[in-house]
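> Predicted model, plus sequence, below.
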2 protein chains.
Amino acid sequence: MPSGQVVGGYHHGDLGNALLEAAGRVLVEKGPSGLSLRAVARAAGVSHAAPYRHFRDKAALLRALSQAGFERLGTAISAVVVAKPYGPEQKLIEASVAYVEFSVQYPEITQLMFAGTLEPLEQVAAYELLLAIIREGVEQGSFRERPPQELALVAWTSMHGLAMLAVAGLLAVDGDDERSLQELVRAVARNVIYGIVK
Amino acid sequence: MPSGQVVGGYHHGDLGNALLEAAGRVLVEKGPSGLSLRAVARAAGVSHAAPYRHFRDKAALLRALSQAGFERLGTAISAVVVAKPYGPEQKLIEASVAYVEFSVQYPEITQLMFAGTLEPLEQVAAYELLLAIIREGVEQGSFRERPPQELALVAWTSMHGLAMLAVAGLLAVDGDDERSLQELVRAVARNVIYGIVK
DNA sequence: ACCTGAACACCGTTCAAGT
DNA sequence: ACCTGAACACCGTTCAAGT
């Protein structure tokens, strides 16, 4: 890249990232309805017109925030499955727990990530991790001999549904404590695996 | 009910329902970002303050719209499973297809339904239908002997995840035609059933 | 009882103007 | 090059006033 990256710019290094961080703070503090471009600009200490030098419009800021969320989700799942001494079945369970816990921990970001029209599933890092686990299971003979994409979709679909229901508050986990949610996720994941293994 | 229902009121019968219908039209025509209370009032032909006689605030209108969506979803699923000569497995597949097709057909309503914090799953009519199918399968011995709530959650979770991914455009069904989406739903549903039957 | 119009404090976006 | 301030067309909500 010939145009390099000029560090400095103006304020906290560069305003682009400062705005993204400010947007994250505003989102958790004021909720999605309070996430106005003007509020983000205020939180970053600039005028309400300044963000337009860094994002074409509000939607562009939201997309960038959503993309950062996908990256963090991928990191969270990597952390519990990559280079772990688990078999594919256990990895699938741990990935499911991490997925749902991420969603519950960052409900606003999660809603944002899956609200707009996004890139196809193949470009989501977390999906690639899941697919790798499935391939491992199929290759070593413990999973059914079906196209890995098909088994991966079954598993992803279930994880994603559970996460979205949890975020929407439809799950009625008693007293929304974290233990019972984890138990629920593990129970569903075990059932999904039952349908995936030979 | 002593207070009966007074038909007439003002305009199209009663403004409350007229506003709900107008909101539905605005939502599909202008998208979620165009769904302002003032736009709804304009579409219904009243002043921007009139809706406040019928809904406490904008959130109340949105909740009513969401509730109407849940009712229509329940109706759509009923239509394909109630009083049909299918076994529980086939009913599960047909219900899944109806669920996802409803979501894809009304993406904005679907987003709305599962965006806010709602009633717990037990109060969603469509979930009761699913649970009845599961109970039927367990009782007649074709489904595994597990708590029906657990199996129902596995199935619901998968249907819901598929629906949400489809709505978000993450599914990359070739040319978003309806046939390939239905095939995808059936493939996932068959895999889920594989994990539910004995 | 039900609706209107003006008013207030917000928005997103644009654009001339400043340094 | 980057940011500001005013301006415009919108919002949600409230409230006195009309019929």
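Right, received. Where do you want to start?

> how many neighbours does A:R38 have?
Other residues near A:R38 come to 12 when the count uses other CB atoms under 10 Å in any protein chain shown. In short, each C-beta sits where N, CA and C put it, glycine included.

> got the domain boundaries for chain A?
A:12-55, A:60-194 (automatic domain parsing).

> want to throw those into a markdown table with distance to B:F143?
Shown next, in a markdown table, are the domains of chain A (distance: least, CB to CB, whole Å):
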| stretch | distance to B:F143 |
| --- | --- |
| domain A:12-55 | 39 |
| domain A:60-194 | 12 |
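
> which one of those lies closest to B:H48?
Nearest to B:H48 among the domains of chain A is domain A:12-55 (18.9 Å), distances taken as CB to CB.

> So which elements touch the longest helix along chain A?
Ranked by residue count, the top helix of chain A under DSSP state H comes out as helix A:58-81. Helices and strands touching helix A:58-81, as assessed by 3 or more CB pairs under 8 Å, 6 or more residues apart in numbering or on different chains; DSSP states H and E, comprise helix A:15-30, helix A:37-44, helix A:88-105, helix A:107-113, helix A:125-139.

> quick one, what contacts A:R179?
Under the criterion of CB atoms under 8 Å, 6 or more residues apart in numbering or on different chains, A:R179 has no contact partners.

> who in chain A is up against chain B?
Residues of chain A lying near chain B by CB under 8 Å from any CB of the partner chain: A:111, A:114-122, A:124, A:146, A:150-151, A:153-154, A:156-162, A:164-165, A:168-172, A:184, A:187-188, A:191-196.

> Centre-most residue in chain A?
For chain A, the residue sitting closest to the mean C-alpha position, by CA atoms, centre = their mean, is A:L73 at 3.6 Å.

> Kindly state the pLDDT recorded for that one?
Listed pLDDT for A:L73 reads 96.

> residue contacts, it?
Applying CB under 8 Å, 6+ apart, the residues near A:L73 are A:99, A:102, A:113, A:125-126.

> Would you mind identifying the helix or strand in chain A with the lowest mean pLDDT?
helix A:178-194 (a mean of 90; mean pLDDT, DSSP states H and E).

> in chain A, which ranges drop under the pLDDT threshold?
By pLDDT under 70, the low-scoring segments of chain A are A:1-13, A:117-119, A:122, A:172-177.

> residues near the closest residue to chain B within it, how many?
Residue of chain A nearest chain B, by CB to the nearest CB: A:G195 (2.2 Å). Using other CB under 10 Å, A:G195 has 21 neighbouring residues.

> Not counting its neighbours along the chain, what's nearest it?
Using CB to CB, 6 or more residues apart in numbering or on different chains and skipping residues adjacent in sequence, the residue nearest A:G195 is B:G195, 2.2 Å away.

> mind saving the C-alpha coords of stretch A:28-42 as PDB?
Taking Å, rounded to 0.1, in the frame of the first residue of the first chain, the C-alpha atoms of stretch A:28-42 are listed here in PDB:
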ATOM      1  CA  VAL A  28     -23.700  -0.200  25.700                       C
ATOM      2  CA  GLU A  29     -24.500   2.900  27.700                       C
ATOM      3  CA  LYS A  30     -27.500   4.300  25.900                       C
ATOM      4  CA  GLY A  31     -28.700   1.300  23.900                       C
ATOM      5  CA  PRO A  32     -29.300   1.000  20.200                       C
ATOM      6  CA  SER A  33     -31.900   3.800  20.100                       C
ATOM      7  CA  GLY A  34     -29.400   6.200  21.700                       C
ATOM      8  CA  LEU A  35     -26.700   5.400  19.200                       C
ATOM      9  CA  SER A  36     -26.900   8.600  17.200                       C
ATOM     10  CA  LEU A  37     -24.000   9.900  15.100                       C
ATOM     11  CA  ARG A  38     -24.200  13.100  17.100                       C
ATOM     12  CA  ALA A  39     -23.900  11.300  20.400                       C
ATOM     13  CA  VAL A  40     -20.900   9.400  19.100                       C
ATOM     14  CA  ALA A  41     -19.300  12.600  18.000                       C
ATOM     15  CA  ARG A  42     -20.000  14.100  21.400                       C
END
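
> Quickly note the distance from the residue nearest to A:L65 when sequence neighbours are not counted to B:P51.
The shortest distance from A:L65 to any non-neighbouring residue, by CB to CB, 6+ apart, is to A:A23 (5.4 Å). For A:A23, the distance to B:P51 equals 31 Å [CB to CB, to the nearest Å].

> Thank you, goodbye.
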